[in-house]
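Based on what follows, work out the 3D shape:
(one chain, ligands or ions: 3)
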Amino acid sequence: MIPALVQIDGLTKRFQTGGGFLSRPRAMLAVRDVSLTIGKGEVLGVVGESGCGKSTLARLVLRLIEPTSGRISFDGTDLTGLAPAALRQMRRRMAMVFQDPYSSLDPRYSLAEVLAEPFRVHGQALPPGTVEAMLEAVGLPATLAASHPHQLSGGQRQRVGIARALALRPDFVVLDEPTASLDVSIQAQIIALLADLRDRLGLTYLFISHDLGLVRYFCDRVLVMYLGAVVEVLPDTRTAPRHPYTRALMQSNFAPDPSQRRVIAALTGEIASPFALPPGCAFATRCPLASDRCRAERPVLSDDPAHPVACFHPQ
Ligand SMILES: Nc1ncnc2c1ncn2[C@@H]1O[C@H](COP(=O)(O)OP(=O)(O)OP(=O)(O)O)[C@@H](O)[C@H]1O
Ligand code: SF4
Ligand SMILES: [Mg+2]
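Ligands and ions are numbered 1, 2, ... in the order given. You can find the predicted model right below:
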């Protein structure tokens, strides 16, 4: 059993929207009672349709947003309730790579300035040659240090995003659709770089993606989310899914093209509103196997630690 780096217990995030002029406040649970463990050195994939709570879960784990309830511990330290100074120390060990390297890099700054920023923020000295070494570590020529983000290609920009995330040598990195805005050939190069960095630096990744091909190639285990809750955890990428939603997802050929990924062809029925979840299984409105029990009772993840499934009629 690999030792745990991240441990999450009953994590829930409630968002309230509206409540302005002429609108009543509405509340929804973007993340519902999620518990999971990420082992040291593991690549844990997170999949699910747009809006199912993947990014919210990631932001909670990094404690960029406060959970409504639940606990997160990192390398044995409980992050919930940690004093700000101690939390800042822990944060250096975690980082995030965003989907869109265009908007996550400030165009006014040179790459040298972009890459020096994490050191400045954490009041840490920047030894000479560090920026050049960082560029080379992600496969970019050191001569790019004086360039600005708009002078780079999309793939080069994402390499800079990765270098910046790794600046303070974190142990844990959230990759939130890191290749979604890139061409397919460039995606493969970025994934190869991430895999190589994991091996070299012993990193642990939480990898959010819409591209099941990439997930199959890159991840050790896969968490499947539906309307804020985990419905299945695949123990590896070869085991057949047991949850009807995961099965539909896997059969949908999950288009990497964001404009085509909202709908799963195999499913009919409306997705339930996150503001008014049905009393039973949240997937019952679309599930071909839904029974009366499914519509009345909410399934929870099974106890099977190797392959948990939240379904009354798993396959
Ligand atoms: N700050 C916020 N305030 C209110 N609602 C929010 C906020 N952030 C996210 N949400 C809602 O929470 C739900 C989950 O959003 P989230 O961004 O985590 O989904 P996602 O799975 O990352 O989607 P995508 O695949 O499109 O990135 C969505 O319904 C979203 O509208
Ligand atoms: S609990 Fe019922 S409705 Fe929900 S996924 Fe399983 S079979 Fe379908
Ligand atoms: Mg997201």
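
any idea which helix or strand comes after the helix or strand Arg216 falls within?
For Arg216, the host element (DSSP states H and E) is helix 212-218. Of the helices and strands lying after helix 212-218 in sequence (DSSP H and E), the nearest is strand 221-226.

where does that following strand sit relative to the chain's centre, distance-wise?
For strand 221-226, the separation from the chain centroid amounts to 10 Å (computed by Cα atoms, centre = their mean, to the nearest Å).

if we can go back for a sec, and the average pLDDT for the helix holding Arg216 is what?
On average, the pLDDT along helix 212-218 is 88.

Residues touching that helix, excluding its own?
Helix 212-218 has contacts (Cβ atoms under 8 Å, 6 or more residues apart in numbering) with 43, 45, 47, 179, 187, 191, 194-195, 207, 209, 222, 237, 249-250, 253-254, 256. C-beta coordinates here come from the backbone N, C-alpha and C atoms, glycine included.

Buried by neighbour count: which residues of that helix qualify?
Going by neighbour count (16 or more other Cβ atoms under 10 Å), the buried part of helix 212-218 is Leu212, Leu214, Val215, Phe218.

And the biggest helix by length in the chain, what does it pack against?
Longest helix of the chain, by residue count under DSSP state H: helix 184-201. Packing partners of helix 184-201 (3 or more Cβ pairs under 8 Å, 6 or more residues apart in numbering; DSSP states H and E): helix 154-166, helix 212-218.

I'd like to know which of those helices lies nearest to ligand 1.
Among the helices and strands packed on helix 184-201, helix 212-218 comes nearest to ligand 1, with 13.3 Å by Cβ to the nearest ligand atom.

got the CA positions of that closest one in PDB?
Provided in PDB are the C-alpha atoms of helix 212-218 (Å, rounded to 0.1, in the frame of the first residue of the first chain):
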ATOM      1  CA  LEU A 212     -10.500   9.700 -21.800                       C
ATOM      2  CA  GLY A 213      -7.800   8.600 -24.100                       C
ATOM      3  CA  LEU A 214      -5.300  10.800 -22.200                       C
ATOM      4  CA  VAL A 215      -6.700   9.600 -18.900                       C
ATOM      5  CA  ARG A 216      -6.300   5.900 -19.900                       C
ATOM      6  CA  TYR A 217      -2.700   6.600 -21.000                       C
ATOM      7  CA  PHE A 218      -1.600   8.700 -18.100                       C
END
